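Participant: the following block contains a protein sequence and its predicted model.
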Amino acid sequence: MKNIEKIKSGYIKLFAKEYYNKGSVDNLTGTELSVCSSLAEFWAYVYSVIPEEHGHFTIFDFLGYTLDNTTKVRQVVIPPKIALHAKNEICKYCWGMDWKDIKEKQAKLDRKSTMKFLRENSVMDRRVKSGSNVVIYGSSDQPIGRTMVASIIMKEAIKLRVTHHTRRHTYDWIDFNTLMSAVDKDSFDLADYRSCDWLVIDNIMSKYRSAKQTTLLIDLVDPFFIDRFNNRLPTILVFKFDISNPAMMIEKRFGVGIHRIIESNRTCKIPLSWGEVGVNNG
């Protein structure tokens, strides 16, 4: 995991000015410095771990459509039924309640009170203790929010540093190809990927591989995923295809480890394209 100290120092200066109108960190009281330091650590990890364009997103930004800033015209990217199901699954995983409950609270509270409500009702500490995984998937040639959903969940995991003082947690975010390369070369980073408390593996694609290439891929990554699953380390898998399609033959194409995570009763499945969206995935 990246060293965040330099980034954290910059955020502390920013919050000292923003919240306390103090141009120097040295002018902060002990309590003020503690508040700024805690917030700065959270945002430094968000900045370092989550893809830059996704770091500011919350559950309220996941709408199922994009909005043209000039024309203000909506472009639907996923059907409303799928968007609602996805929001429900995100909410159940992060806060243990349906989107409807959160939306009702939002209607009664201002933004600050709403965010406080979410912090107080977070169940992410239970997710990390039980090793609850997330599988996000959907087939589309256009962006449909797969990485955005992963970023919302990872951001809630990082918030545990502030809400539950889980300062020891580690995080990483990599592409599937990066993982394969690290395993193949037995790189220094592999140990971090293998042991970090929260790991997003993004951009898992379905593409043709020969029988020999498939065997090689499985031999490379199977032990990695089996270890994380057995050690109950939450893994967030982001597939750029529909894993519910039987023709994908996940176990044969990607190995036992990934298949075990997908089929586990401690995995939350979030489909973002047409498929079985009425099933309770736990």
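Facilitator: Yep, that arrived.

Participant: quick one: low-confidence ranges for this protein?
Facilitator: Counting by pLDDT under 70, the ranges of the chain that qualify are 1, 67-69, 72, 165-167, 274-282.

Participant: run the last query once more with 80
Facilitator: Regions of the chain meeting the criterion pLDDT under 80 cover residues 1-2, 66-75, 141, 163-167, 208, 274-282.

Participant: run a quick neighbour tally on residue 146.
Facilitator: Residues within reach of residue 146, counting by other CB atoms under 10 Å, total 22. No exception for glycine: its C-beta is placed from N, CA and C like everyone else's.

Participant: same question, residue 230
Facilitator: Look at residue 230: counted by other CB under 10 Å, it has 11 neighbours.

Participant: ok, so what distance separates it from residue 264?
Facilitator: When CB to CB, to the nearest Å is applied, the distance between residue 230 and residue 264 equals 11 Å.

Participant: over to residue 273?
Facilitator: Distance of residue 273 to residue 264, given as CB to CB: 22 Å.

Participant: so what's residue 119 up against?
Facilitator: 159, 162-163 (CB atoms under 8 Å, 6 or more residues apart in numbering).

Participant: of the residues you listed, closest to residue 239?
Facilitator: Distance to residue 239 across these (CB to CB) is lowest for residue 159, with 25.3 Å.

Participant: from residue 258, how far out is that closest one?
Facilitator: The gap separating residue 159 from residue 258 is 27 Å, by CB to CB.

Participant: same drill for those two, tell me which one is more crowded.
Facilitator: Between residue 159 and residue 258, counting by other CB under 10 Å, residue 258 is the more crowded of the two (27 against 20).

Participant: mind listing what that one touches?
Facilitator: Residues in contact with residue 258, defined by CB under 8 Å, 6+ apart, are 221, 225, 237, 250-251.

Participant: circling back: now, which of the contacts of residue 119 lie within helices?
Facilitator: Within the contacts of residue 119, membership in helices is found for 159, 162-163, as judged by DSSP state H.

Participant: now, among these, which is nearest to residue 214?
Facilitator: Residue 214 has its nearest neighbour among the ones in helices among the contacts of residue 119 in residue 159, at 38.7 Å by CB to CB.
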